[in-house]
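Peer 1: Got a sequence here, can you build the structure:
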Amino acid sequence: MLPEIHPIGRAKAVFFKNLGYDDSDTDILANALLSIAQQEDVSDIQPSEFGTKYVIEGMIQTPGGATTAMRTVWIIEQDNPQPRLVTAYPA
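Peer 2: Numbering: from 1, shown residues only. Next comes the predicted model:
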């Protein structure tokens, strides 16, 4: 996870920490975000110079048992068919 002192990712790190995630939960968070991509429908497709971005929204369960709505953005790059997570933030 991004440290809370990172100049770019600080707000996102604080957001996920407030949901109950910490550095020991990175696999749990990654799996939760991946499950959104596997179980939900694409809500938007955005072509870019690097590839095609796919926006997918869904719910994740936090370590404390609460649920929260998330928007994830994935990209399939022109030279790599493997989807890659670009960002995730509250929906």
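Peer 1: When you work out contacts or count neighbours from here on, use the C-alpha atoms and nothing else.
Peer 2: OK.
Peer 1: Name the residues that touch the lengthiest helix in the chain?
Peer 2: In the chain, assigned by DSSP state H, the helix with the most residues is helix 26-39. Surrounding helix 26-39, the residues in contact under the criterion CA atoms under 8 Å, 6 or more residues apart in numbering are 1, 21, 56-61, 72, 88.
Peer 1: can you rerun that using 10 Å?
Peer 2: 1, 16, 21-23, 25, 42, 54-63, 70-74, 83-85, 87-88 (CA atoms under 10 Å, 6 or more residues apart in numbering).
Peer 1: ranges for the strands of this structure?
Peer 2: Here the chain has its strands, by DSSP state E, at 42-47, 51-61, 67-77, 80-90.
Peer 1: possible to save those strands as TSV with mean neighbour count and distance to Leu33?
Peer 2: Shown next, in TSV, are those (neighbours: other CA atoms under 10 Å; distance: least, CA to CA, whole Å):
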stretch	mean neighbour count	distance to Leu33
strand 42-47	12	14
strand 51-61	19	7
strand 67-77	18	7
strand 80-90	13	8
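Peer 1: Return the residue of the protein that is most distant from the centre.
Peer 2: Most distant residue from the mean C-alpha position of the chain: Asp79, 21.9 Å away (CA atoms, centre = their mean).
Peer 1: ok and the longest helix of the chain relative to strand 51-61, angle-wise?
Peer 2: Angle between the axes of helix 26-39 and strand 51-61 is 110 degrees (criterion: axes from the mean of the first three to the mean of the last three CA atoms, to 10 degrees).
Peer 1: and helix 26-39, which residues are buried?
Peer 2: Neighbour counts over helix 26-39 (16 or more other CA atoms under 10 Å) mark 29, 32-34, 36-37 as buried.
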